[in-house]
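Asker: need coordinates for the below:
(2 chains)
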Amino acid sequence: MAPSSRGVRGVNRNGLAPATALINTNIEEMLELLHCPWDTPVDPTLLSSILSFRNLVTLCVGNDYCCKDGNCTFGLADDGVENLAVTLPSLVSLRLGRVCFLNSCRTTVSSLLSISIHCLGLTTLEIHFNTRTIAGDMQHLLNEGSERDEPRCQLRSLWVGRLPLQVREEDVGVVAKGFADIFPCLEYFSSYGRDRGRWKRVRSKLRN
Amino acid sequence: MRELIIGSEHDITHDTGSRLSSNSPDGLLFPKLERLEWEVGTSWAPLPFFSIFLSPRLKRVNLYTDSIHFGIPRDFDYVLLVEDVIPCLPTSLEELSLTCGPWKGEPLRNVISSLVRRCGPSLRSFSSNTRLSEKAVYHLSRLPSLRSWTVAGEPPQKFSPATFPALNELRLKQGAIPWLHLLAACGG
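Answerer: Sure, this is the predicted structure:
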């Protein structure tokens, strides 16, 4: 990571920051990279602390085990993700846990749109989003699209892992069109689950 | 030579270290060395000969020890050796990076905390799997160049929000998430 242009607080003759500096801490401005451990639940409590660090460029919550007792513990909704995207516009890399196969989270493709509009420098993204009604959700976003002319991020690859994609063949086109609207540069879905073939079909229609 | 990188696959034996030391004019192997990066491998035998690399022009030192784990008694000795190295670093040093291996657990807490407290203003990056003492954390929090910190375990009970005047990268290991809430409160 490139060194921050922000200055370092004054130091005493021992080369240490003076005790009085404890009052004037500026860590919320300085921090650009934050990695949280694999056992961190992604929920509003975590989010409220993360949002203190407004200049984050890299945020990684390495939660590989969100499926606890058969339930997904990913606890954010679309409004929470929008809050994150608005508050942390400098994000280049965002990984909020490992996308799972349960497809029970409250976030939808609206979260992806919030991130794309507000985090214009984003190049890496992994986040839970629910695909149970993705065709309808995409159609809804596209219908609203004529009212939106905001620029989008340049994301080229979206990590979807084992996320299911149960869409009818006739809906593949609208799903692809929706993804292309959210991420105009999208070329690839990183999928290794049961529905990898369906993700490939959406991918094949991204440029249509 | 101005830069020297020693990977773990190029472990220096005690005999090699001894020969290098005896053949080094003025006790220095590379008098113009400015950067030393050393991933200590399966042996720490060369550490007693560390001084032969300490050119007065040395500006950057990275010591990695991620690839080794021998068990607590030997880890203990190793940390003590690294601790002895710290005061020998030249005053010209601008950047010191320390990665304190896979060690964790209370038995090593005191020695690694002691190692931290020996580090001066040049410490730029510090990583360990061991929860640090309150005094060690307080020391780290006041270092003006500490940009990257990998922290394990919960904050000390008596620790209050502190400066970390240059902290740019924070990596929290398992059990360290209370640090996030503490530092967020500190920032607010």
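Asker: could you use CA atoms for every contact and neighbour count after this?
Answerer: Noted.
Asker: what residues does stretch A:123-142 touch?
Answerer: Contacts to stretch A:123-142, defined as Cα atoms under 8 Å, 6 or more residues apart in numbering or on different chains, come from residues A:74, A:92-100, A:103-111, A:153-160, A:163-167, A:171-172, A:174-175, A:177-179, A:181.
Asker: flag every buried residue along it.
Answerer: Within stretch A:123-142, the residues that qualify as buried are A:123-131, A:134-135, A:137-139, A:141-142, counting by 16 or more other Cα atoms under 10 Å in any protein chain shown.
Asker: only C-alpha atoms, please: export that stretch in CSV.
Answerer: Extracted as CSV, the C-alpha positions of stretch A:123-142 are listed here (Å, rounded to 0.1, in the frame of the first residue of the first chain):
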residue,chain,number,x,y,z
THR,A,123,-11.8,-3.6,-7.9
THR,A,124,-12.4,-6.5,-5.5
LEU,A,125,-15.7,-7.5,-4.0
GLU,A,126,-17.1,-10.4,-2.1
ILE,A,127,-20.4,-9.9,-0.2
HIS,A,128,-23.5,-12.0,0.6
PHE,A,129,-26.5,-11.1,-1.6
ASN,A,130,-29.7,-13.1,-1.9
THR,A,131,-30.6,-14.4,-5.3
ARG,A,132,-34.0,-16.0,-4.6
THR,A,133,-35.8,-13.3,-6.4
ILE,A,134,-32.9,-11.9,-8.4
ALA,A,135,-34.8,-11.7,-11.7
GLY,A,136,-37.5,-9.5,-10.2
ASP,A,137,-34.9,-7.5,-8.2
MET,A,138,-32.9,-6.9,-11.4
GLN,A,139,-36.0,-5.9,-13.3
HIS,A,140,-36.9,-3.5,-10.6
LEU,A,141,-33.4,-1.9,-10.6
LEU,A,142,-33.5,-1.7,-14.4
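Asker: and it, average pLDDT?
Answerer: Per-residue pLDDT over stretch A:123-142 has a mean of 96.
Asker: in chain A, what helix or strand scores lowest on average pLDDT?
Answerer: strand A:67-68 (a mean of 78; mean pLDDT, DSSP states H and E).
Asker: pairing partners for that one, with directions?
Answerer: strand A:71-72 (antiparallel) (DSSP bridges).
Asker: who touches the strand it pairs with?
Answerer: A:66, A:100, A:102, A:104-105.
Asker: which strands and helices sit next to the helix-or-strand element of chain B with minimal mean pLDDT?
Answerer: The helix or strand of chain B with the poorest confidence is helix B:72-85; it has a mean of 71 (mean pLDDT, DSSP H and E). With contacts defined as 3 or more Cα pairs under 8 Å, 6 or more residues apart in numbering or on different chains; DSSP states H and E, the packing partners of helix B:72-85 are helix B:106-118.
Asker: now the helix it packs on, how far from the centre of its chain.
Answerer: Centre-to-centre, helix B:106-118 and its host chain are 11 Å apart (Cα atoms, centre = their mean, to the nearest Å).
Asker: buried ones in that helix?
Answerer: Buried residues in helix B:106-118 (16+ other Cα under 10 Å): B:108-117.
Asker: in JSON lines, list those along with distance to chain A.
Answerer: Below are the buried residues of helix B:106-118 laid out as JSON lines (distance: Cα to the nearest Cα, whole Å):
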{"residue": "B:Leu108", "distance to chain A": "21"}
{"residue": "B:Arg109", "distance to chain A": "20"}
{"residue": "B:Asn110", "distance to chain A": "22"}
{"residue": "B:Val111", "distance to chain A": "22"}
{"residue": "B:Ile112", "distance to chain A": "20"}
{"residue": "B:Ser113", "distance to chain A": "17"}
{"residue": "B:Ser114", "distance to chain A": "17"}
{"residue": "B:Leu115", "distance to chain A": "16"}
{"residue": "B:Val116", "distance to chain A": "13"}
{"residue": "B:Arg117", "distance to chain A": "12"}
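Asker: show me which of those residues is closest to B:Ala176.
Answerer: Comparing these against B:Ala176 with Cα to Cα picks out B:Arg109 as the nearest, at 15.0 Å.
Asker: if we can go back for a sec, what is the lowest-pLDDT residue among the buried residues of helix B:106-118?
Answerer: Within the buried residues of helix B:106-118, lowest confidence goes to B:Leu108 (81).
Asker: grab the nearest non-local neighbour of that one.
Answerer: B:Phe76 (6.6 Å; Cα to Cα, 6 or more residues apart in numbering or on different chains).
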